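**Q** Provided below for reference: sequence and predicted model.
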Amino acid sequence: MNDQNLTPQTDAKQVTTSPLRCLTGAVISGGMGFAAYSLMIAIATNFATKPIHSINPLVVKISSAVRTLVVGVVALGSGIFGIVAIGLLALGLQLLVQQLTKQKSSEN
């Protein structure tokens, strides 16, 4: 096999960041974070309303651990999307301030 066939050659295009792109990304990430949070609440409510029916202590412990892991993983995803949304909002604000200060300094 030839190594050229494994990695296609593409022209690397520089994508510039803008406050609008950051705001769009923050809205998308925030929406996904809210959806994950809503899913987490639904899963936790479902687990709370359906208790484990077993007298075996090992089954109860494993079931409890699995339920905790499922809710924790969804909560982690929700938190990550929320942090990304906040970071993109901050980046957009920083870029907006930089653009405004650059325009004021070029006018003087």
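**A** Thanks, I have the structure now. Numbers count the residues shown, from 1 in each chain.

**Q** What is the neighbour count of Cys22?
**A** When neighbours are counted by other Cβ atoms under 10 Å, Cys22 registers 20. All C-beta atoms are positioned from the backbone trio N, CA, C, and that covers glycine.

**Q** which one is it nearest to, not counting chain neighbours?
**A** For Cys22, ignoring the flanking residues on the chain, the nearest one in space by Cβ to Cβ, 6 or more residues apart in numbering is Gly92 at 3.2 Å.

**Q** Next SSE downstream of the one helix or strand in the chain whose mean pLDDT sits lowest?
**A** Within the chain, confidence by mean pLDDT, DSSP states H and E is lowest for helix 3-6 among all helices and strands, at a mean of 62. Proceeding C-terminally, helix 3-6 gives way to helix 19-49 as the next helix or strand, assigned by DSSP states H and E.

**Q** what about that next one, distance to the chain center?
**A** 8 Å (Cα atoms, centre = their mean, to the nearest Å).

**Q** residues of it that come out buried?
**A** By neighbour count with 16 or more other Cβ atoms under 10 Å, helix 19-49 contains the buried residues 19, 22-23, 25-26, 29-30, 32-33, 36-37, 40, 43-44, 47.

**Q** Please apply the same query to stretch 60-69.
**A** Buried residues in stretch 60-69, defined by neighbour count with 16+ other Cβ under 10 Å: 63, 67.

**Q** Restrict that stretch to CA atoms and write it as CSV.
**A** Only the C-alpha atoms of stretch 60-69 are listed here, as CSV (Å, rounded to 0.1, in the frame of the first residue of the first chain):
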residue,chain,number,x,y,z
VAL,A,60,-28.6,-4.3,45.0
LYS,A,61,-25.1,-2.9,45.3
ILE,A,62,-24.3,-3.5,41.6
SER,A,63,-27.6,-2.0,40.5
SER,A,64,-27.0,1.0,42.7
ALA,A,65,-23.5,1.4,41.2
VAL,A,66,-24.7,1.2,37.7
ARG,A,67,-27.5,3.7,38.3
THR,A,68,-25.1,6.1,39.8
LEU,A,69,-22.6,5.7,36.9
